[in-house]
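Participant: Need a 3D model of the sequence below.
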Amino acid sequence: MKIELNSLGLRFLAILFIPLVIIFFSIAAISIKEIKREVYETQKIDLQEEAADLKNLVDIILSKQYLSIDFLSKTDEIIKSVLDDDVAKAMNYLDSEKEKLPLADALYILTPEGIMWGDTGGGKAIGIDLSKSDIYKKLKKTPENVYFSTVYEKSPISGHITLSAGRGIINNNQVVGYFVFCLNINKLSDTYVSEEVFGSEGYAFMADENGILLSHPDKDALLTDQSHDGGAVQMIITDKKATDFDEYTFKGKKKYLSYSKLENMPWFVIASISKDDLLSSAKILTRIFILVSIISLIALFLIINFMIRKIIITRIKKLEKNLV
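Facilitator: Model (predicted):
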């Protein structure tokens, strides 16, 4: 009886190889899923660390401004100039100190009644009544403390939108004036925040607890109200968390963000990255895994085929020969 060896070899091959292929693809699917999960977790941690580092940097920068305001309001040069009503001397001192403060848009001194007494704008703002400004009202209540306003107002000197901070000028427990520092929000944004890039499209930005954008790569978006935009800022101020990682949609694109709230101001520093960028390395690793898997599968097929032909079929030939 002639045994069809080629047909028998193919049957053996199918019996052994098909279950192995099923097992192989099941393991591959699980492995690909695990690769994506590991990449996601790694990239998530990286983005959280970026947001935390940026938040710490901005906190340090604002703390330095706080210390500068506290120091300058207590200097003999300021106090003596105010007591002597020496505006020229005060303005010269303010100009020299402003050069040391890269984020200062302007420095100025108010009288106890809230009238501009001296400034770094060459005196052009002297006499302006700022008694109704947020910074004056707050400083008048607590002149002994440094106060950062949360109201964005136009600088009376440069005309730029700034955030004011200040402290009372106190001599022998008597308030003789108020020292005010105008923080240039654009400089803060450009120097420390908006230049950060994550992936091909990701970026960093800042918003306050009311949803106002304080820093953003898109200059036209600065100081716009994003509290009802349906995107990242609305989600952050709605969650009311100090820090978090989440997914959101912006202009039809899936994105991830990580944010942290500053220690000294009601602001959020946000790091944003597209979903494609966050998982880009997972796609590359998946392609490599699939390629290696296909090569391994082909190699396995050739090995099994070789084993069937060289071992099993060889023995069958011997058995067939003995039967004859």
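Participant: mind showing which ranges of this structure have poor pLDDT?
Facilitator: For the chain, the stretches with pLDDT under 70 are 1-17, 20, 281-282, 285, 304-305, 307-324.
Participant: rerun at 50
Facilitator: The model of the chain has pLDDT under 50 over residues 1-3, 5.
Participant: Strands along that one, start to end?
Facilitator: Counting by DSSP state E, the chain has strands at residues 104-110, 116-119, 147-154, 161-171, 174-184, 197-198, 202-208, 213-215, 243-250, 253-261, 267-274.
Participant: I'd like to check the angle between the last one and strand 147-154, please.
Facilitator: For strand 267-274 against strand 147-154, the angle by axes from the mean of the first three to the mean of the last three CA atoms, to 10 degrees is 60 degrees.
Participant: what angle do strand 267-274 and strand 161-171 make?
Facilitator: Going by the same axes, to 10 degrees, strand 267-274 makes 150 degrees with strand 161-171.
Participant: Strand 267-274 to strand 253-261, inter-axis angle?
Facilitator: On the basis of the same axes, to 10 degrees, strand 267-274 is oriented at 150 degrees to strand 253-261.
Participant: The first one too?
Facilitator: Counting by the same axes, to 10 degrees, strand 104-110 lies at 40 degrees to strand 253-261.
Participant: Tell me the strands beside strand 104-110, with direction?
Facilitator: In the sheet, strand 104-110 lines up against strand 116-119 (antiparallel), strand 174-184 (antiparallel) (DSSP bridges).
Participant: got it, and the shortest one?
Facilitator: Neighbouring strands of strand 197-198 in its sheet, by DSSP bridges, are strand 202-208 (antiparallel).
Participant: ok, and what's touching the partner strand?
Facilitator: Contacting residues not belonging to strand 202-208 are listed as 50-51, 54, 58, 150, 189, 193-194, 196-198, 213-217, 226, 233, 236-237, 255, 265-274, 277 [CB atoms under 8 Å, 6 or more residues apart in numbering]. For the C-beta atoms, the positions are set from N, CA and C on the backbone; glycine is no exception.
Participant: just to revisit the earlier point, mind checking which of the strands of the chain is nearest residue 90?
Facilitator: strand 116-119 (4.4 Å; CB to CB).
Participant: quick one: buried residues of the closest one?
Facilitator: For strand 116-119, a neighbour-count test (16 or more other CB atoms under 10 Å) marks 116-119 as buried.
Participant: same thing with stretch 68-82?
Facilitator: Within stretch 68-82, the residues that count as buried by 16+ other CB under 10 Å are 68-69, 72-73, 77-79, 81-82.
Participant: Touching that stretch from outside, list them.
Facilitator: When contacts are defined by CB under 8 Å, 6+ apart, stretch 68-82 is touched by residues 86-87, 89-90, 93, 97, 101, 107, 109, 117-118, 146, 165-171, 176-177, 179, 181.
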